[in-house]
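S.K.: kindly return the folded structure for what I paste below:
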Amino acid sequence: MTKKGPQRPLDVQPPEVSPSQVPAFLPVPAYTPSDPELWFARLHLFFQLLRIHDEAAMFELALSSMPEDALTQLRDFVLTAHLETTPFSTLKRLCLNRVTNSLDQGWGTSGPRDHSIRPGRPLHPARQTIPSSPRMVLYASKRPAAAKRFPTPGLDQRFRQALTSEELGGRASSELLHWPIDGQSSSCVIQEWADVKVYSVRMDCFSCNEVILPRNKRCVKCRSSASVAFQRRDSHCVTCFREIFSHKFRSALGREKLFRSESQVLVEVDGSAGSVSLVNLVLEAADHKEPRRLRMSPSFIHILLSMEEIDPDSLAALSNHLDRTGCPCYVVDIAAIFADDVKEHVTPFSGEIRKCSYAHKMQDLCNSCACDTVKQELICRLKLALLYRVARSLQLGFVLLDFTSTILSAAVISSVAQGRGQQIVDEVAVVDRRWMDVSFLRPLRDISNKEAALYNYYFQNRQVAFAIYPQRLLAAQGQSSVQSASYEFIEREQMDFPATVSTLLASASKFQKPNTNLANSIANCSLCSSGTDIELLKEINTTQGRFCQGCASLIELVGAKSLMALVIATMTKERNSSQNSAF
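M.R.: Purely as a prediction, here's the structure:
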């Protein structure tokens, strides 16, 4: 008979093993990129089992289970995680916020507008699907209500796909997720939008691999790793991109040989990406240490549109930006076009909003316009006329404008639609000599908006633009304006056909100008100063002067005839004084 060992009483339960006694060699749940919400739920159970409540420990364990490609997307956050009091909670919020909101909810009930998709046209394989990776930045869903009215025709699948790239994902997500959700701070929204819009340069690539793996691209000039890719075969490193950008600016002015001696130039700065890049290009070209220096001394001026909503913070930022140049900086209200002596209204640019005594007249004039097309065209013509008067009052012979190739190509279409086909040559030329004693220059004629924005991003401390007039960027989608429709059309076509802008400008430059040698048959328009056949000039009963077809149609659609007549009278007086001084 075998000897039995000690028996355990039936009522005694086995000792309970506490969670803290579970061996710590349990593996951390593997990262699941297809469902990060499930992964964080497993992490929560894992930490609960091991009774780990320290944020730093949970953060380190979570990073240890993530692959390198996922960590690359979080590089910016990981480098600054030591500043966070709750790094793991911030990591969880950052990852989940990218996938919790659906794309349809971000674009509204109507769904996203993909302007590049046309009926009967199959999608490129790289554009048929949007990656469902957790590092996708849902651009539309993170925009506040006010920012959803942005006219963004280029933000299609390729742009959203570009924002998932390893190089751009971290910064883009950190900016987009910090937008004010209530949409109250419009200037902040616009600035963040401007920063992120820089990344849309990659949407011109036709291959998905070229977008998501930019390391495969090589600079076409030095064969180093490319950082800028505008087209499929056009990629550059940052250094070569800067040289090419500067060369386009210099070649535009160098072809005309304008500055044979030291010349005083007036540079108009409105806060756009083109104007910000123009300031830096002019300063570099006029630097005395530059061996290929352009002989010019710049002065900067900002035309204040007092009839529109102004962001004082952005205006002050632009003032500080120009003050650092050490050059003379001026500001003048567009309402000063009514003044007999415009020099009295030209003041040093201090960033303050000063009310012009003629502001109410300008407001009434704009309110009397029949539509947005007329208002935008009128403001454009009055700005040029005011710049002409300011340049003459300051005795400056050249005015540099910030019109890029994208803006000029859109102006070609809108000019034809408004009956200004005969003026297209002067509207897109590098040198515009329609105004007596003053030449208007467009040195950015060969530079696109994307190039200007990217130039500012790399070489202006990420300062892409200054959103001085928020309502211009927050304009409603589908605004009833020929100018905005033309601009959207150009951006849409340029995305599918990269030669659209260059072809338009090349064709416009070949238009035949009126023969100015026939002095008896050519006369200048009283508003735009374009040389026009006398037989084609029109007279308006309510306004003294003779006008081209486009300006005559413009004046007829302005309700405040007396104010318009006052503007024409001051411009005629200025032109007559210029002719008398010439003699």
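S.K.: check contacts around residue 512.
M.R.: For residue 512, the contact set (CB atoms under 8 Å, 6 or more residues apart in numbering) comprises residue 425. Backbone N, C-alpha and C define where each C-beta goes, glycine included.
S.K.: can you rerun that using 10 Å?
M.R.: Residues near residue 512 by CB atoms under 10 Å, 6 or more residues apart in numbering: 422, 425.
S.K.: wasn't it part of a helix?
M.R.: No. Counting by DSSP: H, G, I helix; E, B strand; the rest coil, residue 512 is not found in a helix; it is coil.
S.K.: surely residue 297 and residue 261 touch.
M.R.: No. Applying CB atoms under 10 Å, one finds residue 297 not in contact with residue 261, separated by 11.2 Å.
S.K.: who has more neighbours out of those two?
M.R.: Remark: of residue 297 and residue 261, residue 297 carries more neighbours, 14 against 6, as counted by other CB atoms under 10 Å.
S.K.: using the three-state scheme, assign the more buried one.
M.R.: Under three-state DSSP, residue 297 comes out as strand.
S.K.: report the beta-bridge partner residues of it.
M.R.: residue 264 (DSSP bridges).
S.K.: not counting its neighbours along the chain, what's nearest residue 37?
M.R.: residue 96 (6.1 Å; CB to CB, 6 or more residues apart in numbering).
S.K.: my read: that neighbour touches residue 43, true?
M.R.: No. Between residue 96 and residue 43 there is no contact under CB under 10 Å: 11.9 Å.
S.K.: give the residues shared as contacts by those two.
M.R.: Shared contacts of residue 96 and residue 43, counting by CB under 10 Å, 6+ apart, come down to residue 36.
S.K.: those two: who's more crowded?
M.R.: residue 43 (21 against 14).
S.K.: let me see the contact set for that one.
M.R.: Counting by CB under 10 Å, 6+ apart, residue 43 has contacts 28-29, 31, 36, 52, 58, 61-62, 65, 88, 92.
S.K.: just the closest of those residues to residue 433, please.
M.R.: residue 36 (61.7 Å; CB to CB).
S.K.: how many neighbours does that closest one have?
M.R.: Neighbours of residue 36 (other CB under 10 Å): 22.
S.K.: and the helices in the stretch 401-550 of the chain, which stretches?
M.R.: 405-417, 424-428, 449-459, 470-473, 482-496, 500-509, 549-556 (DSSP state H, counting those that start in this stretch).
S.K.: against which helices or strands is the last one packed?
M.R.: So the one you mean is helix 549-556. Helix 549-556 sits against helix 372-393, helix 405-417, strand 531-533, strand 538-540, strand 543-547, helix 561-582, with contacts defined as 3 or more CB pairs under 10 Å, 6 or more residues apart in numbering; DSSP states H and E.
S.K.: could you verify my assumption that residue 507 touches residue 416?
M.R.: No. The criterion here is CB under 10 Å, and residue 507 misses it with residue 416 at 11.2 Å.
S.K.: tell me, what's touching those two both at once?
M.R.: With CB under 10 Å, 6+ apart as the test, residue 507 and residue 416 both reach residue 424.
S.K.: so, low pLDDT: which residues of the stretch 351-500 of the chain?
M.R.: Within the stretch 351-500 of the chain, the ranges that satisfy pLDDT under 70 run 472-479.
S.K.: likewise for the chain?
M.R.: 1-25, 97-216, 229-233, 256, 472-479, 514-520, 541-542, 578-583.
S.K.: thinking again about what came up before, list only buried entries from the contacts of residue 43.
M.R.: 28-29, 31, 36, 58, 61-62, 65, 88, 92 (16 or more other CB atoms under 10 Å).
S.K.: domain boundaries for the protein, per the record?
M.R.: 22-96, 259-512 (automatic domain parsing).
S.K.: so which of the ones you listed is the most surrounded?
M.R.: Of all these, domain 259-512 carries the top mean neighbour count, a mean of 19, counting by mean count of other CB atoms under 10 Å.
S.K.: got the end-to-end distance for it?
M.R.: 27 Å (CA to CA, to the nearest Å).
S.K.: what's the answer for stretch 551-567, then?
M.R.: 13 Å.
S.K.: that stretch: which residues count as buried?
M.R.: 551-556, 558, 560, 563-564, 566-567.
S.K.: quick one: which of the helices and strands packed on helix 549-556 is nearest residue 511?
M.R.: Per CB to CB, nearest to residue 511 of these: helix 405-417, 9.6 Å.
S.K.: what is the closest one packed up against?
M.R.: Using 3+ CB pairs under 10 Å, 6+ apart: helix 405-417 touches helix 273-285, helix 372-393, helix 424-428, helix 449-459, helix 482-496, helix 500-509, helix 549-556.
S.K.: using CSV, lay out those helices together with distance to residue 534.
M.R.: Converted to CSV, these look like this (distance: least, CB to CB, whole Å):
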stretch, distance to residue 534
helix 273-285, 36
helix 372-393, 21
helix 424-428, 18
helix 449-459, 39
helix 482-496, 28
helix 500-509, 25
helix 549-556, 13
